[in-house]
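1. need coordinates for the below:
(2 chains)
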Amino acid sequence: MELKNPSAIERESRAGRYVMKPTNVFDPAYFHKVVDCQWACPAHTPVPEYIRLITQERYTEAYMLNWDSNVFPGVLGRTCDRPCEPACRRVRTEEKPVAICRLKRVAADNKGDISAYLPHVPTVKNGKKIALLGAGPASLAVARDLLPLGYEVHMFDKDTKGGGMMRSQIPAFRLPQTVLEEEVDVILNMGVATHFGHEVTSMKTMLDMGFDAYFIGTGAPRGRELDIPGRQEADAHISIGIDWLSSVAFGHTDSIKGKVIVMGGGNTAMDCCRTSRRLGAESVTVVVRSGFDVMKASDWEKEDAMSEGIPIINNRPPKEFVHENGKLKGVWFECVTQVEENGRVKYVPSGEPDVFMEADHILMAIGQENHCPWIERDLGIDFDKWDCPVLDELTLQSTNPKIFFGGDSAFGPENIIWASAHAHQAAISIHLFCQGQDLKSDRPPEGVNLISQKMGVHEWSYDSAHDPAHRFLVPQADKAITLSNIKVEVELGFDRQLGAAEAQRCLNCDVQTVFTEKLCIECDACVDICPMDCISFVENAQEEDLRLHLMAPATNAEQDLYVSQDLPTGRVMVKDEDVCLHCGLCAERCPTNAWDMQKSVFHLPQLGSY
Amino acid sequence: MTFVAKPRVHHPLLPINDIGLTRRDYEGSVSTLCAGCGHDSVSAAVIAACAELSIPPHRFAKVSGIGCSSKTPSYFLDKSHGFNSVHGRMPSVATGANLANRSLYCIGVSGDGDSASIGLGQFAHIVRRRINMLYLVDNNGTYGLTKGQFSATNDKGSTSKRGVPNLYEPIDLVTLALQLGASFVARSFSGDKRQLVPLIKAGIKHHGFALIDVISPCVAFNNHSGSTKSYDYVRHHSESVTKIDYVESGQEITADYEPGTTEDVEMPDGSTLRLSKVDANFDPHDRIKALQYVQRRQSEGEVVTGLLYVDPESPDCHDILETIDTPLNELDFADLCPGNAALAPINQSFR
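-> This next block holds a predicted model:
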């Protein structure tokens, strides 16, 4: 078993055996890691806290907590890649995660006036001018972080409106324009000087303009090409997925005729096929080179496409575009099958004959690449062999100290939540850089506050009881309407009642079980009551041994063991954090308050936090 | 106590016993005793023992009297038979239940007040009658339900929570049971499940009357520095004279002890008690020596724990009465009540 526990660093006991060191709960990382969703979120959004606010019908506060951390709650509540959900503890204790993403939308849909909560932007500026290239999520988030500190922020984009890929690549049936514009405008209205509608073609020219620092958030704008026979000849009938989605978003394309084949297995492919379905295609088929399970698209996006009657055909790499005098006729596909070799999946011909599929139009969504032809290569900005800038992973500073990258343009295509996360770090770096401080040693530290939630003898300030309800489904609009109008949002979202019910499923993993050794009388009450057998009083040992000798084996080495100091009987308390329900029964049953339920508030340094 | 019920969801890797149940299937309703009560640990030990024995919950009959201890049968085996009887009268109910249906495993739970004060007479006679049952005493030396008066098992000189000393000699139920012919006598501590769970398993499977006197601290009234039944005192003054492992028939014996100190005791049902003697001078088959040993150590302020006496061959009440093997409740009416024709010759034989 591979151990990743920071407290696994062992010490030698008096008897000369190696045993586990007591856990330091004041290390900000320790309890942060117990809040699986927040730990998994690139922007470390305090998920359980905003879910509790939703249960209290405090939607505006829930929204602002999100806004502070991930900047675009309304957008993300509809489109996020949700790294939090597979991490959710409910997956390990029961089956399905809390619908964290759609609860974010509940906060956004029901919020009131947020203006009073917005950060104050000083009218007297601090004298530093920052250029943000691109008007996508990364640049917008950097602007929001820098403006309250008095920076003069200039934003450049080739499109006439802000939003970047959120506007050009996400179809309106998933993200209504009004939702996007509201969140983009909040930031622009904080005082961003916009230079929209004109494309930056030279970084050198930009540098000559004399800004104090530059942030490049221009995304990964180039769709990957497919070099097979017939590609050039049939060019008129073949579109790059993201470019085509963009032309639909800006109204340049409003229909697609005949039989459409979408090539690719990512979320862009899912958006392409569902958009085609709405723009009048006679038939739409998704053809994917790889197997269904390894497709890049999120499970729910695949489900949504299939529920709209779009077939997904797997294990079919394309061989040739067939055309007659430039008119596309169809595509030849090879048939492959997955085999595992040395633990790696490989594709080999399955032996079935090649398949010909008729098509009038092809949408290619087989990946995106970084592409910065407008950055001259003699400006001190180094690029690696994948054409990505060479960056410091923490500070996001390029080899030219004035220039910072974030979002997809930094390390290649990711998603919006990563753009927000990058932006917070880049904004701190830009601030430190402009103030002449060191980007690493002067960087503010992470922190944690632990606050007891005890209100009375059997009263806790959170709903400690476990709710066994199953995950609720998000209601959808009538297909007859959504499939005929590209602007109609498919998901209706949870209403307040459903949202409250789903929110109740949250286990409140940020309300921690905190153990005080000197109060414990080792009466076993906590061991007996714990529904998940998380708590054991045992002789200390090395982590591998200890994990197998608890009340229930702790086989998930990704999850830490909480080890106490030595107790009077010579044993230690060991708590397996893996499947703890945070129900607080250990603390309720403890006669001496050696157990307490304390909310861990994780502090991630961030500029301009409201 | 808590008002929050224990959630039904359990650890995904919780062991499943031979009949497909987990430990959670042997639980009862949520305890209303004080937080930290030793009695809850005893209940947890009963749950663990019954689950490990893979006996279906409905094959148990649990009986109790009155007191904190006697509430605890509600907190385990909620799918079994049960009777919460009158103060000190659990032995009568247990006797009746065992006579009517000898196929059930009978677990009686009593306390120091229920067995050593109001029920002392009943206790003495059920031991004499050798009812086949496990008799658990949750012994905390105090009347917790009535706010902490000394009970009859409280040691002389031990103080109340306010510092007033107890002036009377204690009644020791272990000594009484040894004198009155119990064939399985043990003492344990609620804070030591490693000792208690195998003892409960052995006690349930023992053929005859099995007493386990469990020192079970009262956190509310008798867990202070002047008490001899507090967590601290028992931890510092208890001496385990035997360690036992209960091994089901057909199972491999895996526990390893120093050679020469262990002895395998065959139980009538084919299972084995592996006894390991911590003190070589102690003999758990000699009733008189066990009595002396326990009393001598007691006079020195020490609490002797472990299996103190066992005689697996001794007859139980049904053997003595030569009752029919079939449980009485399974006999049909004609067999159970053969009528005047059968009664007449019996009456005649007495004339």
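2. residue of chain A with the smallest distance to chain B?
-> Residue of chain A nearest chain B, by C-beta to the nearest C-beta: residue A:591 (2.7 Å). Just so you know, the C-beta spots here come from the backbone N, C-alpha and C atoms, and that holds for glycine as well.
3. name the nearest residue to that residue, ignoring sequence neighbours.
-> Spatially, and ignoring its direct neighbours in sequence, residue A:591 is nearest to residue B:36 (2.7 Å; C-beta to C-beta, 6 or more residues apart in numbering or on different chains).
4. just to revisit the earlier point, right, and the residue of chain A closest to chain B touches residue B:38 too?
-> No: Residue A:591 is not in contact with residue B:38 according to C-beta atoms under 8 Å; the separation is 10.4 Å.
5. tell me the pLDDT of the residue nearest to residue A:591.
-> For residue B:36, the pLDDT comes out at 90.
6. residue B:309: how many residues sit nearby?
-> Applying other C-beta atoms under 10 Å in any protein chain shown, we find 24 residues neighbouring residue B:309.
7. so what touches stretch A:345-359?
-> Defining contact as C-beta atoms under 8 Å, 6 or more residues apart in numbering or on different chains, one finds that stretch A:345-359 is touched by A:237, A:258-261, A:285, A:287, A:289-291, A:294, A:315-317, A:319, A:322, A:328-340.
8. OK, contacts around residue B:160?
-> B:148, B:149, B:150, B:166, B:221, B:226.
9. the residues you listed in strands, which ones?
-> B:149, B:150 (DSSP state E).
10. quick one: which two of the contacts of residue B:160 are the most distant?
-> Distance extremes for those: the farthest pair is B:149 and B:226 at 14.7 Å, using C-beta to C-beta.
11. before we move on, back to that, wait, what's in contact with the residue of chain A closest to chain B?
-> A:521, A:523, A:525, B:34, B:35, B:36, B:37, B:219.
12. in CSV, list those residues along with distance to residue A:77.
-> Output for the contacts of residue A:591, formatted as CSV (distance: C-beta to C-beta, whole Å):
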residue, distance to residue A:77
A:521, 47
A:523, 46
A:525, 42
B:34, 46
B:35, 41
B:36, 44
B:37, 47
B:219, 48
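13. residues near residue A:200, how many?
-> 18.
14. wait, isn't it in contact with residue A:206?
-> Yes: contact criterion C-beta under 8 Å: residue A:200 and residue A:206 qualify, at 6.2 Å.
15. mutual contacts of those two, please.
-> Contacts common to residue A:200 and residue A:206, judged by C-beta under 8 Å, 6+ apart, are A:133, A:156.
16. and residue B:149 and residue B:226? Which one has more around it.
-> Taking neighbours as other C-beta under 10 Å, residue B:149 and residue B:226 compare with residue B:226 leading, 17 against 13.
17. for that one, which non-adjacent residue is closest in space?
-> residue B:159 (3.1 Å).
18. which residues are in contact with stretch A:90-97?
-> Against stretch A:90-97 from outside (C-beta under 8 Å, 6+ apart): A:84-88, A:98, A:468, A:470-471, A:505, A:507, A:532, A:556, A:578-579, A:581, B:9, B:12.
19. show me the shaky parts of the stretch 101-250 of chain B.
-> Along the stretch 101-250 of chain B, the model assigns pLDDT under 70 to residues B:250.
20. check the gap between the most centrally placed residue in chain B and residue A:51 for me.
-> The centre of chain B sits closest to residue B:136, judged by C-alpha atoms, centre = their mean, with a distance of 2.5 Å. Residue B:136 is 45 Å from residue A:51, where distance means C-beta to C-beta, to the nearest Å.
21. before we move on, what about residue A:512?
-> Applying C-beta to C-beta to residue A:512 and residue A:51 gives a distance of 16 Å.
22. next one: residue B:196
-> Taken as C-beta to C-beta, the span from residue B:196 to residue A:51 is 42 Å.
23. residue B:70 contacts residue B:113, correct?
-> No: applying C-beta under 8 Å, one finds residue B:70 not in contact with residue B:113, separated by 9.3 Å.
24. what sits against the residue of the stretch 151-300 of chain B found nearest chain A?
-> For the stretch 151-300 of chain B and chain A, the shortest gap (C-beta to the nearest C-beta) falls at residue B:219, measuring 4.5 Å. Counting by C-beta under 8 Å, 6+ apart, residue B:219 touches A:521, A:523, A:591, B:34, B:35, B:36, B:37, B:38.
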